[in-house]
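Asker: Fold the following and give me the result.
(2 chains)
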Amino acid sequence: EAGVAQSPRYKIIEKRQSVAFWCNPISGHATLYWYQQILGQGPKLLIQFQNNGVVDDSQLPKDRFSAERLKGVDSTLKIQPAKLEDSAVYLCASTWGFEAFFGQGTRLTVV
Amino acid sequence: SQQGEEDPQALSIQEGENATMNCSYKTSINNLQWYRQNSGRGLVHLILIRSNEREKHSGRLRVTLDTSKKSSSLLITASRAADTASYFCASRMDSSYKLIFGSGTRLLVRP
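Answerer: Next up is the predicted model:
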């Protein structure tokens, strides 16, 4: 069974630029999460999708972050404009039951 | 913050010793899960304990749950150098599919 795929693996951008991350969950997984993990901290939930609907986006900074999940499968997370404090690893996870399966993450550095 | 707390933040032990890490969470839960994260990689699910369970075993792992104290502990017995990683608890909330992570314990097992 293929795992959760994320791209790119690494991204370096200047502040005020925009960036997008892509996630392909495990086939058939209805729930998809995006997390932000700052170095030395635990993953912070940004947004949760159930199929292609948003279940929770209470922690998503909506003035600069946006996310969509087209047709209930792939998802993209966008930041525009980026700030220095957005430097982190962005993790995508999907679930069918209780156990979450994570991708390798995208490490974003904003300079 | 949504996140729970874990202690200790860091733990260094000798190979063969047992490692215990603790987690506290904030809301009523459906289940609590533990994940491992090796440096620079995604999270991997280790074990799940439901809210009506008090203790669960899986190989060298033992998890306990005290819902009255909103706390859980993870015991790794006979640790190995390969157990060196960060460990996170994640609470699955009662009313939704939200999966909220703690701050993590960094475990170093010295050969």
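Asker: Contact residues of chain B facing chain A?
Answerer: Counting by C-beta under 8 Å from any C-beta of the partner chain, the residues of chain B close to chain A are B:2-3, B:6, B:30-31, B:33, B:35, B:40-45, B:48, B:88, B:90, B:92, B:96-104. Yep, even glycine has a C-beta here, placed from its N, CA and C like the rest.
Asker: Out of the residues you listed, which end up buried?
Answerer: Applying 16 or more other C-beta atoms under 10 Å in any protein chain shown to the residues of chain B next to chain A, the neighbour count classes B:3, B:6, B:30-31, B:33, B:35, B:42-43, B:45, B:48, B:88, B:90, B:92, B:97-104 as buried.
Asker: Let me see the contact set for the closest residue to chain A within chain B.
Answerer: Residue nearest to chain A within chain B (C-beta to the nearest C-beta): B:Gly42, separated by 3.7 Å. Residues near B:Gly42 by C-beta atoms under 8 Å, 6 or more residues apart in numbering or on different chains: A:Val4, A:Leu91, A:Phe102, A:Gly103, A:Gln104, A:Gly105.
Asker: Spatially nearest residue to the third one, not counting backbone neighbours?
Answerer: Yep, that's A:Phe102 we're talking about. What sits nearest to A:Phe102 in space, not counting adjacent residues and going by C-beta to C-beta, 6 or more residues apart in numbering or on different chains, is B:Gly42, at 3.7 Å.
Asker: show me where chain A has strands.
Answerer: Ranges of strands within chain A are A:5-7, A:10-13, A:19-24, A:31-37, A:44-50, A:53-56, A:65-69, A:75-79, A:88-95, A:100-102, A:106-110, based on DSSP state E.
Asker: Each with direction, which strands does the last one pair with?
Answerer: Strand partners for strand A:106-110, identified by DSSP bridges, are recorded as strand A:10-13 (parallel), strand A:88-95 (antiparallel).
Asker: Which strands or helices does the strand or helix carrying B:Gln33 pack on?
Answerer: Counting by DSSP states H and E, the element that carries B:Gln33 is strand B:29-37. Packed against strand B:29-37, as judged by 3 or more C-beta pairs under 8 Å, 6 or more residues apart in numbering or on different chains; DSSP states H and E, are the following elements: strand A:100-102, strand B:43-50, strand B:61-66, strand B:71-76, strand B:85-93.
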